[in-house]
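Colleague: just need the structure, nothing else, for what follows:
(one chain, ligands or ions: 1)
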Amino acid sequence: MKINYHRWIEAQKFEFHDWNTLPKLTNLEWQEIYYKYSPLFSKLQTRLKLTPQKKIIDVGCGPTCISRLLPTGRRFGVDPLAKKLKLTRAYSDIKIYQGRGEDLPFPANYFDLAICRNVIDHTYQPQKVITEISRVLKPSSHFIFAGYVYNPFIAFTKNLGEKFNLLRNIGHPHTYTLKSFKDLIRPDFEIKKVWLIHEGRHPNDFGKINEKPGSLSLPYRLILSANRLLGQKWFVREYCLLCHKRQ
Ligand SMILES: C[S@@+](CC[C@H](N)C(=O)[O-])C[C@H]1O[C@@H](n2cnc3c(N)ncnc32)[C@H](O)[C@@H]1O
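Modeller: Residues are numbered from 1 along each chain as shown. Next comes the predicted model:
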(Lines give C-alpha, C1' and ligand atoms only; values in the text may rest on other atoms or scores of the structure.)
Protein backbone atom coordinates (compact mmCIF):
# COMPACT_ATOMS: atom_id res chain seq x y z
CA MET A 1 0.00 0.00 0.00
CA LYS A 2 1.35 3.44 -0.93
CA ILE A 3 1.63 5.99 1.85
CA ASN A 4 2.41 9.69 1.71
CA TYR A 5 5.64 11.18 3.00
CA HIS A 6 3.94 12.83 6.01
CA ARG A 7 2.65 9.44 7.15
CA TRP A 8 6.22 8.13 7.13
CA ILE A 9 7.47 11.17 9.07
CA GLU A 10 4.72 10.53 11.63
CA ALA A 11 5.91 6.90 11.99
CA GLN A 12 9.52 8.04 12.36
CA LYS A 13 8.62 10.55 15.09
CA PHE A 14 7.04 7.70 16.99
CA GLU A 15 10.11 5.52 16.38
CA PHE A 16 12.46 8.25 17.59
CA HIS A 17 10.36 8.82 20.69
CA ASP A 18 10.49 5.12 21.61
CA TRP A 19 14.24 4.70 21.16
CA ASN A 20 14.97 8.02 22.82
CA THR A 21 12.75 7.84 25.87
CA LEU A 22 12.06 4.21 26.81
CA PRO A 23 14.67 3.26 29.38
CA LYS A 24 16.81 0.28 28.44
CA LEU A 25 14.94 -0.25 25.14
CA THR A 26 18.12 -0.77 23.10
CA ASN A 27 19.37 -3.28 25.64
CA LEU A 28 16.09 -5.22 25.70
CA GLU A 29 15.79 -5.20 21.91
CA TRP A 30 19.38 -6.41 21.63
CA GLN A 31 18.70 -9.27 24.07
CA GLU A 32 15.68 -10.21 21.97
CA ILE A 33 17.72 -10.15 18.74
CA TYR A 34 20.47 -12.18 20.38
CA TYR A 35 18.03 -14.78 21.68
CA LYS A 36 16.16 -15.06 18.38
CA TYR A 37 19.00 -14.87 15.88
CA SER A 38 22.40 -15.79 17.34
CA PRO A 39 22.24 -19.57 16.56
CA LEU A 40 21.03 -18.84 13.01
CA PHE A 41 23.62 -16.14 12.36
CA SER A 42 26.44 -18.44 13.57
CA LYS A 43 25.36 -20.95 10.93
CA LEU A 44 25.05 -18.22 8.29
CA GLN A 45 28.53 -16.93 9.05
CA THR A 46 29.86 -20.30 7.90
CA ARG A 47 27.33 -20.92 5.12
CA LEU A 48 27.98 -17.52 3.51
CA LYS A 49 31.76 -17.93 3.91
CA LEU A 50 32.13 -14.51 5.49
CA THR A 51 35.71 -13.29 5.82
CA PRO A 52 37.09 -10.05 7.36
CA GLN A 53 37.20 -8.41 3.90
CA LYS A 54 33.50 -8.94 3.10
CA LYS A 55 31.41 -5.80 3.22
CA ILE A 56 28.05 -6.04 5.02
CA ILE A 57 25.28 -3.44 4.99
CA ASP A 58 22.59 -3.34 7.72
CA VAL A 59 19.69 -1.29 6.32
CA GLY A 60 17.59 0.37 9.04
CA CYS A 61 20.15 -0.80 11.60
CA GLY A 62 18.63 1.27 14.44
CA PRO A 63 20.57 1.38 17.72
CA THR A 64 20.62 -2.45 17.93
CA CYS A 65 22.56 -3.30 14.72
CA ILE A 66 21.81 -6.98 14.15
CA SER A 67 25.00 -7.20 12.05
CA ARG A 68 26.83 -7.31 15.42
CA LEU A 69 25.90 -11.00 15.44
CA LEU A 70 28.35 -11.49 12.57
CA PRO A 71 31.80 -11.07 14.11
CA THR A 72 33.58 -11.17 10.76
CA GLY A 73 33.34 -8.65 7.94
CA ARG A 74 33.42 -4.89 7.41
CA ARG A 75 30.08 -3.75 8.76
CA PHE A 76 28.13 -0.67 7.70
CA GLY A 77 24.74 0.56 8.90
CA VAL A 78 22.25 3.07 7.50
CA ASP A 79 19.34 4.61 9.35
CA PRO A 80 17.24 7.77 8.89
CA LEU A 81 17.49 8.34 12.65
CA ALA A 82 21.28 7.83 12.79
CA LYS A 83 22.06 11.46 13.58
CA LYS A 84 19.13 12.10 15.90
CA LEU A 85 19.88 8.95 17.91
CA LYS A 86 23.65 9.65 17.80
CA LEU A 87 24.35 6.29 16.15
CA THR A 88 27.11 7.45 13.81
CA ARG A 89 29.72 6.86 16.52
CA ALA A 90 27.85 4.32 18.63
CA TYR A 91 30.04 1.34 17.66
CA SER A 92 33.78 1.47 16.97
CA ASP A 93 33.60 -1.48 14.55
CA ILE A 94 30.45 -0.51 12.59
CA LYS A 95 30.34 2.56 10.37
CA ILE A 96 26.82 3.96 10.63
CA TYR A 97 25.52 6.50 8.12
CA GLN A 98 22.56 8.83 8.14
CA GLY A 99 20.33 7.78 5.22
CA ARG A 100 17.21 6.09 3.96
CA GLY A 101 16.87 2.67 2.42
CA GLU A 102 15.18 4.26 -0.59
CA ASP A 103 18.38 6.17 -1.39
CA LEU A 104 21.42 4.33 -0.03
CA PRO A 105 24.60 6.44 0.08
CA PHE A 106 26.79 3.79 -1.61
CA PRO A 107 27.87 2.93 -5.16
CA ALA A 108 26.39 -0.01 -7.09
CA ASN A 109 27.87 -3.51 -6.60
CA TYR A 110 29.60 -2.52 -3.36
CA PHE A 111 28.47 -5.02 -0.71
CA ASP A 112 28.81 -8.78 -0.28
CA LEU A 113 25.85 -9.14 2.08
CA ALA A 114 22.82 -7.05 3.06
CA ILE A 115 20.67 -7.43 6.18
CA CYS A 116 17.34 -5.76 6.81
CA ARG A 117 15.41 -6.88 9.89
CA ASN A 118 12.20 -5.39 11.29
CA VAL A 119 12.47 -2.38 8.99
CA ILE A 120 10.45 -2.74 5.80
CA ASP A 121 7.03 -2.12 7.43
CA HIS A 122 8.46 1.14 8.82
CA THR A 123 9.67 2.57 5.50
CA TYR A 124 8.23 5.15 3.12
CA GLN A 125 8.59 3.18 -0.16
CA PRO A 126 9.29 -0.50 0.62
CA GLN A 127 9.69 -1.61 -3.01
CA LYS A 128 12.25 1.12 -3.62
CA VAL A 129 14.21 0.02 -0.54
CA ILE A 130 14.45 -3.52 -1.93
CA THR A 131 15.57 -2.26 -5.37
CA GLU A 132 18.22 -0.10 -3.68
CA ILE A 133 19.48 -3.03 -1.63
CA SER A 134 19.79 -5.04 -4.82
CA ARG A 135 21.64 -2.15 -6.53
CA VAL A 136 24.34 -1.88 -3.84
CA LEU A 137 24.88 -5.66 -3.66
CA LYS A 138 27.48 -7.36 -5.84
CA PRO A 139 26.15 -9.89 -8.38
CA SER A 140 25.20 -13.23 -6.81
CA SER A 141 25.50 -11.96 -3.26
CA HIS A 142 23.08 -12.64 -0.40
CA PHE A 143 20.39 -10.71 1.39
CA ILE A 144 19.02 -11.61 4.85
CA PHE A 145 15.50 -10.21 4.96
CA ALA A 146 13.56 -10.54 8.21
CA GLY A 147 10.48 -9.07 9.81
CA TYR A 148 7.00 -9.50 11.15
CA VAL A 149 4.13 -10.76 9.01
CA TYR A 150 0.49 -11.25 9.96
CA ASN A 151 -2.02 -13.92 9.06
CA PRO A 152 -4.13 -12.86 6.06
CA PHE A 153 -7.22 -11.87 8.05
CA ILE A 154 -5.24 -9.76 10.54
CA ALA A 155 -3.24 -8.18 7.70
CA PHE A 156 -6.49 -7.35 5.93
CA THR A 157 -7.93 -5.62 9.04
CA LYS A 158 -4.66 -3.76 9.65
CA ASN A 159 -4.42 -2.52 6.07
CA LEU A 160 -8.06 -1.47 6.20
CA GLY A 161 -7.40 0.35 9.48
CA GLU A 162 -4.43 2.16 7.95
CA LYS A 163 -6.42 3.16 4.88
CA PHE A 164 -9.41 4.50 6.81
CA ASN A 165 -7.46 5.82 9.77
CA LEU A 166 -9.03 3.42 12.29
CA LEU A 167 -6.99 1.47 14.88
CA ARG A 168 -3.82 2.56 13.07
CA ASN A 169 -0.45 1.34 14.26
CA ILE A 170 1.45 4.65 14.15
CA GLY A 171 4.97 3.20 13.94
CA HIS A 172 4.10 0.72 11.18
CA PRO A 173 2.55 2.22 8.05
CA HIS A 174 2.71 -1.13 6.20
CA THR A 175 1.48 -4.63 7.07
CA TYR A 176 2.54 -7.81 5.30
CA THR A 177 1.43 -11.40 5.02
CA LEU A 178 4.16 -13.96 4.36
CA LYS A 179 3.08 -13.94 0.71
CA SER A 180 3.24 -10.16 0.27
CA PHE A 181 6.56 -10.07 2.20
CA LYS A 182 8.02 -12.58 -0.27
CA ASP A 183 6.41 -10.88 -3.29
CA LEU A 184 8.14 -7.63 -2.37
CA ILE A 185 11.59 -9.10 -2.92
CA ARG A 186 10.86 -11.57 -5.74
CA PRO A 187 11.65 -9.18 -8.65
CA ASP A 188 15.22 -8.70 -7.35
CA PHE A 189 15.96 -11.80 -5.27
CA GLU A 190 15.52 -15.53 -5.30
CA ILE A 191 14.42 -16.92 -1.92
CA LYS A 192 16.71 -19.77 -0.86
CA LYS A 193 15.54 -20.54 2.67
CA VAL A 194 12.81 -19.43 5.07
CA TRP A 195 13.04 -19.69 8.88
CA LEU A 196 10.17 -19.13 11.30
CA ILE A 197 11.76 -17.16 14.14
CA HIS A 198 8.77 -16.56 16.38
CA GLU A 199 5.03 -17.23 16.38
CA GLY A 200 2.90 -14.75 18.28
CA ARG A 201 -0.60 -15.78 19.30
CA HIS A 202 -1.98 -12.43 20.40
CA PRO A 203 -1.41 -8.77 19.49
CA ASN A 204 1.32 -8.25 22.10
CA ASP A 205 3.27 -11.41 21.40
CA PHE A 206 6.28 -10.40 19.31
CA GLY A 207 8.77 -12.55 21.22
CA LYS A 208 10.10 -9.58 23.13
CA ILE A 209 11.90 -9.80 26.46
CA ASN A 210 9.56 -9.12 29.43
CA GLU A 211 6.57 -8.95 27.11
CA LYS A 212 3.25 -9.14 28.93
CA PRO A 213 -0.13 -10.00 27.34
CA GLY A 214 -1.67 -6.75 28.62
CA SER A 215 -5.28 -5.77 28.14
CA LEU A 216 -6.73 -5.52 24.66
CA SER A 217 -9.18 -2.95 23.37
CA LEU A 218 -12.69 -4.10 22.42
CA PRO A 219 -12.07 -3.80 18.65
CA TYR A 220 -8.93 -5.92 19.01
CA ARG A 221 -10.81 -8.54 21.01
CA LEU A 222 -13.46 -8.68 18.28
CA ILE A 223 -10.78 -9.03 15.59
CA LEU A 224 -9.13 -11.83 17.59
CA SER A 225 -12.46 -13.64 18.01
CA ALA A 226 -13.13 -13.37 14.28
CA ASN A 227 -9.61 -14.65 13.63
CA ARG A 228 -10.28 -17.70 15.81
CA LEU A 229 -13.65 -18.30 14.12
CA LEU A 230 -11.76 -18.38 10.83
CA GLY A 231 -9.68 -21.20 12.30
CA GLN A 232 -6.47 -19.18 12.66
CA LYS A 233 -4.40 -19.95 15.75
CA TRP A 234 -1.73 -17.33 15.23
CA PHE A 235 -1.67 -13.55 14.97
CA VAL A 236 1.83 -12.45 14.01
CA ARG A 237 4.99 -14.29 12.99
CA GLU A 238 8.58 -13.28 12.58
CA TYR A 239 10.34 -14.81 9.58
CA CYS A 240 13.87 -14.65 8.29
CA LEU A 241 14.51 -15.21 4.56
CA LEU A 242 17.87 -15.98 3.01
CA CYS A 243 17.83 -14.58 -0.52
CA HIS A 244 20.16 -14.55 -3.47
CA LYS A 245 20.49 -11.56 -5.79
CA ARG A 246 19.11 -12.36 -9.25
CA GLN A 247 21.52 -12.07 -12.16
C1 LIG B 1 11.99 -1.32 14.73
S2 LIG B 1 13.46 -0.52 14.23
C3 LIG B 1 14.48 -1.93 13.87
C4 LIG B 1 15.93 -1.66 14.08
C5 LIG B 1 16.81 -2.89 13.89
N6 LIG B 1 16.88 -3.28 12.49
C7 LIG B 1 16.32 -4.04 14.74
O8 LIG B 1 15.98 -5.10 14.20
O9 LIG B 1 16.29 -3.89 15.98
C10 LIG B 1 13.06 0.08 12.61
C11 LIG B 1 14.17 0.94 12.04
O12 LIG B 1 13.85 1.21 10.66
C13 LIG B 1 14.31 2.53 10.39
N14 LIG B 1 13.66 3.03 9.17
C15 LIG B 1 12.46 3.60 9.01
N16 LIG B 1 12.26 4.00 7.75
C17 LIG B 1 13.36 3.65 7.07
C18 LIG B 1 13.77 3.81 5.72
N19 LIG B 1 12.99 4.40 4.82
N20 LIG B 1 14.99 3.34 5.36
C21 LIG B 1 15.79 2.73 6.27
N22 LIG B 1 15.47 2.56 7.56
C23 LIG B 1 14.26 3.01 7.97
C24 LIG B 1 13.94 3.29 11.64
O25 LIG B 1 14.61 4.53 11.74
C26 LIG B 1 14.31 2.29 12.73
O27 LIG B 1 15.61 2.46 13.20
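
Colleague: what parts of this protein come near the ligand?
Modeller: Within reach of the ligand by Cβ under 6 Å from any ligand atom, the chain has these residues: 12, 15, 29, 33, 59-62, 64, 66, 79-81, 100-102, 117-119, 122-124, 129. C-beta here means a position set from N, CA and C on the backbone, and glycine is covered the same way.

Colleague: check contacts around the residue nearest the centre of the chain.
Modeller: In the chain, the residue lying closest to the centroid (Cα atoms, centre = their mean) is residue 118, at 1.7 Å. Residue 118 makes contact with 60, 146, 147, 148, 238 under the criterion Cβ atoms under 8 Å, 6 or more residues apart in numbering.

Colleague: just the pLDDT for it.
Modeller: Note on residue 118: pLDDT of 98.

Colleague: is it true that residue 2 lies in a helix?
Modeller: No: counting by DSSP: H, G, I helix; E, B strand; the rest coil, residue 2 is not part of a helix but coil.

Colleague: which residue comes closest to it once chain neighbours are left out?
Modeller: residue 125 (8.0 Å; Cβ to Cβ, 6 or more residues apart in numbering).

Colleague: residue 131 is in contact with the one you found, correct?
Modeller: No: the pair residue 125 / residue 131 is not scored as a contact, 9.2 Å apart, by Cβ atoms under 8 Å.

Colleague: who's more crowded, the two?
Modeller: Counting neighbours by other Cβ atoms under 10 Å for residue 125 and for residue 131 shows that residue 125 has the greater number, 18 against 15.

Colleague: for the more buried one, give its distance to residue 82.
Modeller: Residue 125 sits 19 Å away from residue 82, going by Cβ to Cβ, to the nearest Å.

Colleague: next one: residue 56
Modeller: As judged by Cβ to Cβ, residue 56 and residue 82 stand 16 Å apart.

Colleague: one more: residue 111?
Modeller: Residue 111 is 17 Å from residue 82, where distance means Cβ to Cβ.

Colleague: for these two, indicate the residue with more neighbours.
Modeller: Ranked by neighbour count (other Cβ under 10 Å), residue 111 and residue 82 place residue 111 first, with 23 against 20.

Colleague: what are the phi and psi values for the more buried one?
Modeller: Main-chain dihedrals, residue 111, degrees, to the nearest 10: phi -110, psi 160.

Colleague: wait, it touches residue 55, no?
Modeller: Yes: with contact defined as Cβ under 8 Å, residue 111 and residue 55 form a contacting pair (4.8 Å).

Colleague: anything in contact with each of these two?
Modeller: Common neighbours of residue 111 and residue 55 (Cβ under 8 Å, 6+ apart) are residue 76.
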